[in-house]
Structure formats: C-alpha cells, structure tokens
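Q: Predicted model follows, preceded by the sequence.
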Amino acid sequence: MEKYKISGSHQLSGEIKVAGAKNSALKILAASILSNETCQITNIPKIEDIKRMTEILESLGAKITWHDSTLEINPSKITKSTPDSDLVKKLRSSIMLAGPLLAKFGEVTMSHPGGCIIGKRPVDLFMSGFKAMGAEILDHGESFTIKAKKLKGAKIVLPKISVTVTESLMMTACLAEGTTTIINAAMEPEIPALADYLNKCGAKITGAGTPQITITGVDKLSAGTYELIPDRIEAGSFVMLGLATNSKIKISNCNPAHLETVLTILKNSGADLEIGPDYIITKTSHLHGTDIQTHEYPGFPTDLQAPFTVLMTQTNGRSLIHETIFEGRLFYTDKLNTMGADIIMCDPHRVIVNGKTKLYGKKLESPDLRAGMALIIAGLCAQGETIIDNIYQIERGYEDIVSRLKNIGAQIEKINE
Ligand code: EPU
C-alpha cells in the first residue's frame, strides 16, 4: 500500500505552480459528448478523477489522446448511453454524464453514484431539472433511466444552490428545444468557464456566473480548443500551507480574483500576503483566531474549510468553523486532535478550534480529498513523522503532489509499506 511519509516542522520556500481546475475539467470532459467533433482541452491536471472520467468516456466509445497536459476527445464514435456501473461507482462526478447523454441520445441508464464520506449527496435536483425539461425518470433502485423524445426548454427554479446541478442542466439545455432559465443557479467560477467552452462550441448561454442563467437551445454543437482555468482550491490550499508553516512561498499560475473572500478573510486575520494578477506570495505572519462559515461562491468555499481549520490550529485564539454545505465534512478534526490540536465538535456542522497548539506526527488515514490535503498541511506543521494512508483520495485531485511539495522544500515522500 502506498503512503505518504512526512517529516514536519520545516520552513518552505520557492514557487509552486497551480494546476488546471479539476472541477472545471470534469464538466468540460462530460460536455464533450454533446458534439460530434474533436475537442482539445489544455492545462488538464493529471489526476485520478480525470483518469476515471476518461475511462468512462472511452468505454462509451470516445477516442481519447493525451499530449502532455492537453487532452483530445473525439466523441464521434460514442454510440452507447449506458455507462458501465463499476466505472460510474468509482467517480461521483460521473453523474455529470447523465445530462449530455440524455440530450444526445434521448435516453440514459446509469448507476446511482451514491453518497460519500462528506455527505449524502442526493441527485433529486438533477432529476427534477430533467423532468422539468420533459424527461421521464425510471428509478430501478441501484440505477435509473432518464428518457425524453425531445427535451424542451423550461423555467427551472433550484430550491437549493448546487454546483453540479446548475452545470448539468446548463449542458443539457444546450440541445433542448426553446429557452431554459435556471433561477437560483450556483455562481462558482467553473460555471462561467463551462458556459465559455459551450458558447465557443456554438451554444447560446447568458448569465453564467450570476444567479440566473438563460440557455437558448441549438440544433448541434461544434468543438474546439479550450484552456482550463486554474484550480482555485489548490491555490487556496497552498496559501494555507504557506501561512501554517510560516513560509514565504509563491503560488503562481493562479487567479486570485477567484479567491477574493478567502484572501480578505486571511488578511483580516493578520495574514501578510502579496497578491499579483496571477500569483500570491505568503509571508511570515501573525494570525489570530477567526470564525468562518462556508458558503456558496463567492463565499468561503467548503473545499477550503479543512485546510483553513489546520491553519487555525497554528494560530493564537479561538475560531468557530461552521460548515454549512455538507453534513459530514468535519470528522477529520478528530485526526487533528490525535496530533495535538484542541478542537471541540459542537455538532456535525460546527467545531471550535483553540489555537495555537503544537502538532505531533501520527499515522493517519485520509478520509477524503480535501481533508487529505489538510492532513498533509498538518503533517508539514507537526513535529516528527506523519504517515498518511489512503492516498488515492488525495491523488484524485492533486497532480504529482509529492514532487511539487518537495520542490518547495517539503520533506515528503511516497513509500510502500
Ligand atoms: N444537493 C441536493 N440534491 C441534489 C444535489 C445536491 O440536495 O440533487 C445538495 C448537496 O447534498 C449539498 C448541496 O446541495 O448539501 C450543495 O452541494 P452541491 O450540489 O453544490 O455540490 P456538488 O455539486 O455535488 C461540487 C464540487 C464539490 C464542492 C461542492 C460545493 C464538483 C465535481 N464537486 O459538488 O467539490 O465541494 O460543489 O462547492 O464540482 C471536491 O472537489 O472535493 C468537492 C467535493
């Protein structure tokens, strides 16, 4: 079993480049199905989730070619609209394929992607969106079939803001007859990025990045070249890493405009940050305990909650961390307590962090992607040796993380034990 071995308590220095955004790549790959032409997506991160998505696309008949960090997808030979259930179960984001397959073939059958450690992750809002566009849903328990002879544009009011539901309905509506309006849409930067890609292919989408998105259906989409936006969660995690280890590091190839709330909260907590057009430099800072509440974009992202919590263990004062989006996303704090942190769970959505505490190396298991990155940061702050198991969860979303962290002086290696 491969694990990470970390020797902590060392200052870091140098430059770390941010990769392309995982949560943009996965949706644009799914959207490639909508066309019959070959698309080229550049700045693709080489991560396990992307490998899983390309495996599913290939199993449906797409031809996938890699050239360094460019992925070429030729969807013209896709004839199946029933993705293999074993492949689907390996990747929750496979739900993103439902809409494009439905729009292209008028029918899709796939396994339910299931819940995960961070929460129940239901799919009810996807289904009610497809229904509003005229689809019929057949629930077979473990799997479902969605059918529609011709999808029709509709007014869809989302009772809850959801990133993947917004993206899914936006993609599906591109080939529907008439106009679709999504009200109470999510506004994460990956959504205007997906709209930009689709509009480049001939879609007619306006309002992406605002709470109301309008999509006028077209008969077909073309394809082209598209460069992925930088991963804002990776960039934010590296900022927390620099601050938590008291290091001067330059986080380059990022878009600080996608992290405005996070950077403002950090600055208000005492972080000394130099922010350029496409970089952020962390400097030695004296932070104080700060309360946060996760929120849909442009609020504080749930995906940065765990790295921020680790930072607060290295900060004087008390911080209340309120996770409002997912019901299971704070349980990793137990692991931080075994390392020496003083974190009290008030309820599944809220913890209080009493800082500053010394952390000590431990053997830990990564529970999920973002908590896994938080454990790496904790290990790099801790005295002694930390071993992190279940690193597949981390490699789902962070490209070549060991070499990139080593380049800025981190003592981390992959071991086989
Ligand atoms: N929800 C429903 N019904 C649905 C769909 C969602 O009730 O049909 C609920 C969820 O249970 C949750 C809330 O809506 O309570 C909001 O979740 P959302 O649907 O926005 O999350 P998501 O779209 O499944 C994406 C990212 C997550 C990120 C969240 C929030 C992707 C592939 N995933 O998930 O990223 O945490 O938005 O920003 O884009 C990650 O990268 O590690 C990750 C988990």
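A: Happy to help now that I have it.

Q: Would you pull up how far stretch 267-277 lies from the middle of the chain?
A: The chain centre lies 23 Å from the centre of stretch 267-277; the measure is Cα atoms, centre = their mean, to the nearest Å.

Q: What are the buried residues along stretch 280-295?
A: Judged by neighbour count (16 or more other Cβ atoms under 10 Å), stretch 280-295 contains these buried residues: I280, I281, T282, S285, L287, G289, T290, I292, T294. Backbone N, C-alpha and C define where each C-beta goes, glycine included.

Q: An error on my part: the question was meant for stretch 331-338.
A: Neighbour-count burial for stretch 331-338 [16+ other Cβ under 10 Å]: Y332, T333, K335, L336.

Q: What of stretch 148-168?
A: 148, 151-154, 156, 158, 161-168.

Q: circling back: so which of the buried residues of stretch 280-295 comes closest to T179?
A: When these are compared for distance to T179 (Cβ to Cβ), T294 wins out at 33.1 Å.

Q: separation between the residue lying closest to that closest one once chain neighbours are set aside and the ligand?
A: Leaving aside its chain neighbours, T294 sits nearest to T302 (4.2 Å; criterion: Cβ to Cβ, 6 or more residues apart in numbering). Distance, T302 to the ligand, by Cβ to the nearest ligand atom, to the nearest Å: 5 Å.

Q: cool, and A62?
A: A62 is 19 Å from the ligand, where distance means Cβ to the nearest ligand atom.

Q: And S237, by the same measure?
A: 11 Å.

Q: Would you check that that residue makes contact with L375?
A: No: look at S237 against L375 with Cβ atoms under 8 Å: they stay out of range, at 11.6 Å.

Q: Neighbour count: the two, which is higher?
A: Using other Cβ atoms under 10 Å, the more surrounded residue of S237 and L375 is L375, with 32 against 27.

Q: where's that one, which helix or strand?
A: Assigned by DSSP states H and E, L375 belongs to helix 369-381.

Q: Who are the packing partners of that helix?
A: Counting contacts by 3 or more Cβ pairs under 8 Å, 6 or more residues apart in numbering; DSSP states H and E, helix 369-381 packs against strand 2-7, helix 232-244, helix 305-313, helix 333-338, strand 385-389, helix 392-395, helix 401-407, strand 411-416.

Q: which helices and strands sit right next to the fifth one?
A: When contacts are defined as 3+ Cβ pairs under 8 Å, 6+ apart, strand 385-389 packs onto strand 2-7, strand 363-365, helix 369-381.

Q: Give the pairing partners of it; include direction for each.
A: Strand pairing for strand 385-389, determined by DSSP bridges: strand 2-7 (antiparallel), strand 363-365 (parallel).

Q: Can I get those strands in a markdown table including mean pLDDT and mean neighbour count?
A: Formatted as a markdown table, the strands paired with strand 385-389 follow (pLDDT from 0 to 100; neighbours: other Cβ atoms under 10 Å):
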| stretch | mean pLDDT | mean neighbour count |
| --- | --- | --- |
| strand 2-7 | 98 | 20 |
| strand 363-365 | 97 | 18 |
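
Q: now the worst-scoring helix or strand of the chain on mean pLDDT, how far from the chain's geometric center?
A: Lowest on mean pLDDT, DSSP states H and E among the helices and strands of the chain sits helix 85-89, with a mean of 92. On the basis of Cα atoms, centre = their mean, helix 85-89 sits 19 Å off its chain's mean C-alpha point.

Q: Would you map the helices across the chain?
A: Counting by DSSP state H, the chain has helices at residues 22-31, 48-60, 85-89, 98-105, 124-132, 163-173, 190-200, 232-244, 260-268, 305-313, 333-338, 369-381, 392-395, 401-407.

Q: Would you single out the least confident of those helices?
A: In terms of mean pLDDT, the lowest-scoring of the helices of the chain is helix 85-89 (a mean of 92).

Q: So which bits of that helix are buried?
A: L87, V88.

Q: what residues does that helix touch?
A: Here helix 85-89 makes contact (Cβ atoms under 8 Å, 6 or more residues apart in numbering) with R52, E55, I56, S59, S94, M110, S111, P113, G114, E142, S143.

Q: could you redo the last one with a cut-off of 7 Å?
A: Contact with helix 85-89 is made by R52, E55, I56, S59, S94, M110, S111, P113, G114, S143, as judged by Cβ atoms under 7 Å, 6 or more residues apart in numbering.

Q: Looking at these, which is nearest K406?
A: Nearest to K406 among the contacts of helix 85-89, with distances taken as Cβ to Cβ, is R52, at 25.9 Å.

Q: Quickly note the distance from the closest residue to the closest one other than its chain neighbours to the ligand.
A: With Cβ to Cβ, 6+ apart as the criterion, R52 has its nearest non-adjacent residue at 4.1 Å, and that residue is L91. As judged by Cβ to the nearest ligand atom, L91 and the ligand stand 9 Å apart.
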